[in-house]
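Participant: got a predicted model here, sequence first, then my questions.
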Amino acid sequence: MCRIGSIKSKVPVSPAKALKLMIPQQEGHDNSGFAMVMKDLYGIFSDYKDKPLLSLACTQRGAEMVEEYMDSHNFVQLSEWIPVPDKQPGLDIQAMPYYIFRNYDYPEYYRDKSEDEKGELLLDTRLALRKILEESGNGFVYSFWPDVLTLKEIGDPADIATYFHLWNENGCLLAKNIVAQCRQNTNYDIVRYAAHPFFLQGYTLCANGENTFFTKNKEFQKSLHRGYIGFESDSQNFLYTLHYVLHELKWPIEYYKHVITPLPFEEIDKRPDKEVLTAIRQSLANLEINGPNTIIANLPDGRMMTCCDSKKLRPVVVGGDENMVAISSEVCGINEILPNRDMSKDIYPNEREVVVITNDLEVQRWKQ
């Protein structure tokens, strides 16, 4: 079983806050890994919010291969942060030799392109770098996107935090949005790409649970978009469907729930929007998911969301105050970071709704 969590804050917070949200839930995960996606960055990345940030873990040769590719494709390096690890003995971590977080400017001929065109370039660049590093066994590229940092590692979450100095709230790494999980993908081979959260073109998603329609989703999604690759985890289906519904089809967010957990036909027939819902169910049946699961997602516009499977077989709770809202698999995590909130306002989303947190921290509940 997984445990997932996220923080949306009006004030930038450090990864330590996300770790404090997750660590109390450790009986619900297996201490096999830690991963996070930070969005709306501050600290050392404050001056480059509109410039794409490359997040990767690699060997020395992998770093050279990335530099060669980026130089040959006219990306201009602007800044770089390479963490200096704490290599104290006894830490449970399967560390890579190098972790690189590097801001680039776009190639000169792309600087006047539209945001959509830039987004396609960044996706193609990440896919190309992934292919180069994967084929040679020299590293992993997790994201290449403005104002987004991704870190994934195998080992004990507390030790990983020690290794990267994530417990230090010194203002180096700060963000207003953090999505995290404390578990590697132990249902399959342990591969860093399989660790949640997953990221694609501004969309971040992690899941707690299983998707028993994995094969059906996978075979259909392969035909939909060049970015739907890997499938190291059945939970990647959730991200790809979210991206497809919102980014490719450009549908409102409430339709995402109708795609992954469609209503029964007898209920659809009683609704005024039955023609739309019937069309969704008929045309996107291969994107329906099944099994016990809960997801948390961060959208390109900064909004955060959560929803559950059609039977509510995995837990999730939303709680917050005037400056921060957190989503967590277990309320003990929120209790740790927001002990003084009004707990009577906590929300336990049901199987028929989508909960969305706006950038003003308004919590919206949309019934399916």
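Facilitator: That came in fine, so what should we check first? Not measured: the values here are computed from a predicted model.
Participant: give me the buried positions along stretch 84-101.
Facilitator: 91, 93, 95-96, 98-101 (16 or more other Cβ atoms under 10 Å). Glycine gets a C-beta too; all of them are placed from N, C-alpha and C.
Participant: how about stretch 69-84?
Facilitator: Neighbour-count burial for stretch 69-84 [16+ other Cβ under 10 Å]: 70, 75, 81, 83.
Participant: so of the buried residues of stretch 84-101, which ones are in strands?
Facilitator: 98-101 (DSSP state E).
Participant: tell me how far the residue most central in space within the chain lies from I337.
Facilitator: Geometric centre of the chain, nearest residue: T204, 3.0 Å, by Cα atoms, centre = their mean. Plainly put, T204 is 19 Å away from I337 if you go by Cβ to Cβ, to the nearest Å.
Participant: who's in contact with the closest residue to V331 other than its chain neighbours?
Facilitator: Closest residue to V331 apart from its sequence neighbours, by Cβ to Cβ, 6 or more residues apart in numbering: V317 at 4.8 Å. Shown in contact with V317 (Cβ atoms under 8 Å, 6 or more residues apart in numbering): 327-331, 334, 346-348.
Participant: residues in contact with the spatially closest residue to L313 that is not a sequence neighbour?
Facilitator: Ranked by Cβ to Cβ, 6+ apart and with sequence neighbours excluded, the top spatial neighbour of L313 is P292, at 3.3 Å. P292 makes contact with 209-210, 309, 311, 313-314, according to Cβ under 8 Å, 6+ apart.
Participant: any idea how far I289 is from F265?
Facilitator: Taking Cβ to Cβ, one finds I289 at 18 Å from F265.
Participant: which one of these two has more residues nearby?
Facilitator: Remark: of I289 and F265, I289 carries more neighbours, 25 against 11, as counted by other Cβ atoms under 10 Å.
Participant: my guess is the more buried one meets T261, correct?
Facilitator: Yes - between I289 and T261 there is a contact under Cβ atoms under 8 Å: 6.8 Å.
Participant: where does pLDDT dip in the stretch 101-250 of the chain?
Facilitator: 183-190 (pLDDT under 70).
Participant: which residue ranges of it form helices?
Facilitator: Using DSSP state H, counting those that start in this stretch, the helices of the stretch 101-250 of the chain run over 115-136, 157-163, 214-221, 236-243.
Participant: on that earlier part again, I'd like the buried residues of stretch 84-101 as JSON lines, with distance to K176 appended.
Facilitator: Conversion of the buried residues of stretch 84-101 to JSON lines gives the following (distance: Cβ to Cβ, whole Å):
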{"residue": "L91", "distance to K176": "29"}
{"residue": "I93", "distance to K176": "27"}
{"residue": "A95", "distance to K176": "28"}
{"residue": "M96", "distance to K176": "28"}
{"residue": "Y98", "distance to K176": "28"}
{"residue": "Y99", "distance to K176": "22"}
{"residue": "I100", "distance to K176": "23"}
{"residue": "F101", "distance to K176": "18"}
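Participant: coming back round to it: can you put the buried residues of stretch 69-84 in a markdown table and add pLDDT, distance to V148 and secondary structure?
Facilitator: Listed next are these as a markdown table, based on pLDDT from 0 to 100; distance: Cβ to Cβ, whole Å; DSSP: H, G, I helix; E, B strand; the rest coil:
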| residue | pLDDT | distance to V148 | secondary structure |
| --- | --- | --- | --- |
| M70 | 98 | 17 | helix |
| F75 | 98 | 16 | coil |
| W81 | 95 | 14 | strand |
| P83 | 94 | 17 | coil |
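Participant: which among those gets closest to R130?
Facilitator: M70 (13.6 Å; Cβ to Cβ).
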